[in-house]
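>>> Test case, fold it:
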Amino acid sequence: MKAGKRDLPFSKIDSFGLYVYGLILKEKGSENLVRIVLVESINGYPCNWSACSELQSLCTSIDTLNSLDLNNHWMKDFFLASTFQELRMHTESLAKYILAQIAKAQYSLDGI
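Numbering: from 1, shown residues only. Here you go, the predicted model:
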């Protein structure tokens with residue numbers, strides 16, 4: 001799961017192209033590769049919630065979620081909060097949601 005983007009055959013595709021490629025791979029049933037492609041897409045453009053939602057649908061366990069190599073970004077907290085909620089991990093979900101709200105407030109304050 002920790003393969004670098006430059007090591008993969010799709011390294012010249014932008015984040016949105018990777019998202020579409022991930023959708024195609026998902027239809028073909030290549031879940032491990034789909035996760036890698038979607039992580040690369042999200043790392044390139046963290047605010048693509050559609051890619052996050054697709055990735056979330058492939059995270060059926062905490063082990064799978066922990067194996068993702070997502071960059072540290074405030075949207076990651078929203079993704080984790082939502083995924084924890086789907087996995088019925090409500091305490092973790094609430095903690096991530098609060099962190100995400102703090103990050104969002106900080107982001108808004110930076111523009112002032």
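>>> Could you measure from the residue nearest the centre of the chain over to residue 110?
In the chain, the residue lying closest to the centroid (C-alpha atoms, centre = their mean) is residue 52, at 4.5 Å. Separation of residue 52 from residue 110 (C-beta to C-beta, to the nearest Å): 22 Å. The C-beta positions use only the backbone N, C-alpha and C, and glycine is treated the same way.
>>> quick one: the helices in the chain?
Ranges of helices within the chain are 15-28, 31-44, 49-57, 62-66, 74-86, 90-110, based on DSSP state H.
>>> among the ones you listed, which is the most enclosed?
helix 31-44 (a mean of 22; mean count of other C-beta atoms under 10 Å).
>>> Tell me how far that helix lies from the chain's centre.
Its chain's C-alpha centre and that of helix 31-44 lie 8 Å apart, by C-alpha atoms, centre = their mean, to the nearest Å.
>>> about what we covered before: with adjacent residues omitted, what lies nearest to the residue nearest to the centre of the chain?
Nearest non-adjacent residue to residue 52, counting by C-beta to C-beta, 6 or more residues apart in numbering: residue 79, 4.7 Å away.
>>> picking that back up, for the helices of the chain, give me JSON lines that also has mean pLDDT.
Putting the helices of the chain into JSON lines (pLDDT from 0 to 100) gives the following:
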{"stretch": "helix 15-28", "mean pLDDT": "95"}
{"stretch": "helix 31-44", "mean pLDDT": "96"}
{"stretch": "helix 49-57", "mean pLDDT": "97"}
{"stretch": "helix 62-66", "mean pLDDT": "89"}
{"stretch": "helix 74-86", "mean pLDDT": "87"}
{"stretch": "helix 90-110", "mean pLDDT": "74"}
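>>> what residues are up against the residue nearest to the centre of the chain?
42, 75, 78-79, 82 (C-beta atoms under 8 Å, 6 or more residues apart in numbering).
>>> Quickly note the distance from it to residue 82.
For residue 52, the distance to residue 82 equals 8 Å [C-beta to C-beta].
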